[in-house]
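Colleague: model the following, please.
(one chain, ligands or ions: 1)
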Amino acid sequence: MEKASIDVGLLEPILLEYRDQKGAVIPILQRAQDLYGYLPEEAMIEIAKKSRISISQLYGIATFYAQFNLEPRGRHIISICDGTACHVRGAPKLVTAVEEKLNLVAGGSDPDYKYTLEIVYCLGSCGLAPIALVNDQVYGNTTPDTLVEKVMDLD
Ligand code: FES
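Modeller: Okay, here's the model as predicted:
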(Lines give C-alpha, C1' and ligand atoms only; values in the text may rest on other atoms or scores of the structure.)
Protein backbone atom coordinates (compact mmCIF):
# COMPACT_ATOMS: atom_id res chain seq x y z
CA MET A 1 0.00 0.00 0.00
CA GLU A 2 1.29 3.46 -0.92
CA LYS A 3 1.55 6.10 1.76
CA ALA A 4 -1.63 8.16 1.38
CA SER A 5 -1.14 11.87 0.81
CA ILE A 6 -2.39 13.85 3.75
CA ASP A 7 -4.59 16.89 4.26
CA VAL A 8 -2.25 19.54 5.70
CA GLY A 9 -5.27 21.80 6.21
CA LEU A 10 -6.06 19.73 9.31
CA LEU A 11 -2.99 21.27 10.92
CA GLU A 12 -4.35 24.81 10.66
CA PRO A 13 -6.24 24.91 14.00
CA ILE A 14 -3.20 23.47 15.82
CA LEU A 15 -0.81 25.96 14.24
CA LEU A 16 -3.20 28.80 15.05
CA GLU A 17 -3.51 27.68 18.64
CA TYR A 18 0.27 27.81 19.15
CA ARG A 19 0.84 30.79 16.85
CA ASP A 20 2.12 33.18 19.49
CA GLN A 21 3.90 30.66 21.69
CA LYS A 22 7.64 30.43 21.41
CA GLY A 23 9.13 26.97 21.75
CA ALA A 24 5.83 25.23 21.03
CA VAL A 25 7.30 22.95 18.39
CA ILE A 26 7.17 19.80 20.52
CA PRO A 27 3.47 20.08 21.41
CA ILE A 28 2.76 20.89 17.76
CA LEU A 29 4.60 17.74 16.66
CA GLN A 30 2.73 15.71 19.28
CA ARG A 31 -0.63 17.01 18.10
CA ALA A 32 0.31 16.45 14.45
CA GLN A 33 1.32 12.88 15.21
CA ASP A 34 -1.98 12.30 17.04
CA LEU A 35 -3.72 13.58 13.93
CA TYR A 36 -1.94 11.50 11.28
CA GLY A 37 -0.54 8.62 13.32
CA TYR A 38 2.99 9.71 12.35
CA LEU A 39 4.73 12.84 11.04
CA PRO A 40 4.34 12.90 7.27
CA GLU A 41 6.80 14.96 5.23
CA GLU A 42 4.06 17.34 4.02
CA ALA A 43 3.10 18.06 7.64
CA MET A 44 6.73 18.65 8.61
CA ILE A 45 7.13 21.16 5.77
CA GLU A 46 3.95 23.00 6.83
CA ILE A 47 4.94 23.07 10.51
CA ALA A 48 8.42 24.36 9.67
CA LYS A 49 6.98 27.10 7.46
CA LYS A 50 4.39 28.29 9.98
CA SER A 51 6.65 27.97 13.01
CA ARG A 52 9.48 29.83 11.28
CA ILE A 53 11.98 27.10 11.97
CA SER A 54 14.14 25.42 9.36
CA ILE A 55 13.04 22.04 8.11
CA SER A 56 16.40 20.53 9.13
CA GLN A 57 15.97 21.84 12.69
CA LEU A 58 12.48 20.40 12.80
CA TYR A 59 13.69 16.98 11.64
CA GLY A 60 16.49 17.26 14.20
CA ILE A 61 13.90 17.64 16.97
CA ALA A 62 11.64 14.90 15.61
CA THR A 63 14.46 12.39 15.35
CA PHE A 64 15.89 13.27 18.78
CA TYR A 65 12.73 12.22 20.64
CA ALA A 66 11.84 8.54 20.45
CA GLN A 67 8.13 9.35 20.75
CA PHE A 68 8.01 10.73 17.20
CA ASN A 69 7.57 8.52 14.15
CA LEU A 70 8.49 9.75 10.71
CA GLU A 71 7.07 6.66 9.03
CA PRO A 72 3.53 5.28 9.24
CA ARG A 73 3.10 2.54 11.84
CA GLY A 74 1.07 -0.62 11.60
CA ARG A 75 -2.23 -1.02 13.44
CA HIS A 76 -0.58 -3.67 15.62
CA ILE A 77 2.77 -3.03 17.25
CA ILE A 78 4.90 -6.06 18.04
CA SER A 79 7.94 -5.43 20.21
CA ILE A 80 10.41 -8.25 20.72
CA CYS A 81 12.99 -7.89 23.46
CA ASP A 82 16.54 -8.65 22.34
CA GLY A 83 18.26 -7.74 25.57
CA THR A 84 20.90 -10.19 26.78
CA ALA A 85 18.59 -12.59 28.66
CA CYS A 86 16.02 -12.67 25.87
CA HIS A 87 18.73 -12.96 23.22
CA VAL A 88 20.28 -16.07 24.76
CA ARG A 89 16.85 -17.60 25.27
CA GLY A 90 15.82 -17.35 21.64
CA ALA A 91 14.76 -13.79 20.75
CA PRO A 92 16.50 -13.92 17.33
CA LYS A 93 14.31 -16.92 16.40
CA LEU A 94 11.19 -14.95 17.38
CA VAL A 95 12.32 -12.07 15.19
CA THR A 96 13.02 -14.30 12.20
CA ALA A 97 9.69 -16.13 12.54
CA VAL A 98 7.69 -12.90 12.73
CA GLU A 99 9.61 -11.30 9.85
CA GLU A 100 9.05 -14.29 7.60
CA LYS A 101 5.40 -14.80 8.47
CA LEU A 102 4.36 -11.14 8.29
CA ASN A 103 6.49 -10.13 5.31
CA LEU A 104 8.35 -7.32 7.06
CA VAL A 105 11.74 -6.55 8.52
CA ALA A 106 12.42 -5.55 12.10
CA GLY A 107 12.11 -1.79 12.48
CA GLY A 108 9.50 -1.63 9.73
CA SER A 109 5.96 -2.49 8.77
CA ASP A 110 4.30 -4.89 6.37
CA PRO A 111 3.10 -3.49 3.00
CA ASP A 112 -0.48 -3.02 4.32
CA TYR A 113 0.60 -1.34 7.55
CA LYS A 114 -1.19 -3.96 9.58
CA TYR A 115 1.90 -4.75 11.66
CA THR A 116 5.03 -2.94 12.81
CA LEU A 117 7.86 -4.93 14.36
CA GLU A 118 10.22 -3.22 16.80
CA ILE A 119 13.21 -4.56 18.66
CA VAL A 120 13.54 -3.34 22.24
CA TYR A 121 16.23 -3.95 24.83
CA CYS A 122 15.34 -5.32 28.25
CA LEU A 123 11.82 -4.82 29.49
CA GLY A 124 12.89 -5.50 33.06
CA SER A 125 11.32 -8.96 33.25
CA CYS A 126 14.29 -11.11 32.27
CA GLY A 127 12.91 -14.06 34.29
CA LEU A 128 10.22 -14.38 31.61
CA ALA A 129 12.69 -14.34 28.70
CA PRO A 130 12.17 -14.39 25.83
CA ILE A 131 9.50 -11.72 25.92
CA ALA A 132 7.39 -10.05 23.26
CA LEU A 133 4.81 -7.30 23.61
CA VAL A 134 1.90 -7.31 21.22
CA ASN A 135 -0.07 -4.07 21.53
CA ASP A 136 1.16 -3.80 25.12
CA GLN A 137 0.05 -7.34 26.01
CA VAL A 138 3.04 -9.23 27.43
CA TYR A 139 3.96 -12.70 26.19
CA GLY A 140 6.67 -14.23 28.35
CA ASN A 141 8.55 -17.50 27.78
CA THR A 142 7.20 -17.39 24.27
CA THR A 143 8.15 -19.49 21.26
CA PRO A 144 8.20 -18.58 17.57
CA ASP A 145 5.09 -20.68 16.88
CA THR A 146 3.09 -19.24 19.80
CA LEU A 147 4.01 -15.66 18.95
CA VAL A 148 3.24 -16.06 15.25
CA GLU A 149 -0.10 -17.66 16.11
CA LYS A 150 -1.01 -14.74 18.43
CA VAL A 151 -0.18 -12.05 15.90
CA MET A 152 -1.88 -13.86 13.01
CA ASP A 153 -5.08 -13.95 15.09
CA LEU A 154 -5.28 -10.16 15.23
CA ASP A 155 -7.87 -8.39 13.05
S1 FES B 1 16.52 -8.95 28.44
FE2 FES B 1 14.47 -9.15 27.80
S3 FES B 1 13.39 -8.57 29.59
FE4 FES B 1 15.44 -8.30 30.16
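Colleague: any idea of the pLDDT on the closest residue to residue 61 other than its chain neighbours?
Modeller: With Cβ to Cβ, 6 or more residues apart in numbering as the criterion, residue 61 has its nearest non-adjacent residue at 6.0 Å, and that residue is residue 25. Any C-beta I mention is one placed from the backbone N, CA and C, and that applies to glycine too. Per-residue confidence (pLDDT) for residue 25: 94.
Colleague: got it, and residue 60?
Modeller: pLDDT recorded at residue 60 is 96.
Colleague: name all residues that make contact with the residue nearest to residue 61.
Modeller: Residues counted as contacts of residue 25 (Cβ atoms under 8 Å, 6 or more residues apart in numbering) are 47, 51, 53, 58, 61.
Colleague: also residue 82?
Modeller: Residues in contact with residue 82 (Cβ under 8 Å, 6+ apart) are 91-92, 95, 119-121.
Colleague: which stretches in the protein count as strands?
Modeller: Here the chain has its strands, by DSSP state E, at 76-81, 115-120, 132-134, 137-139.
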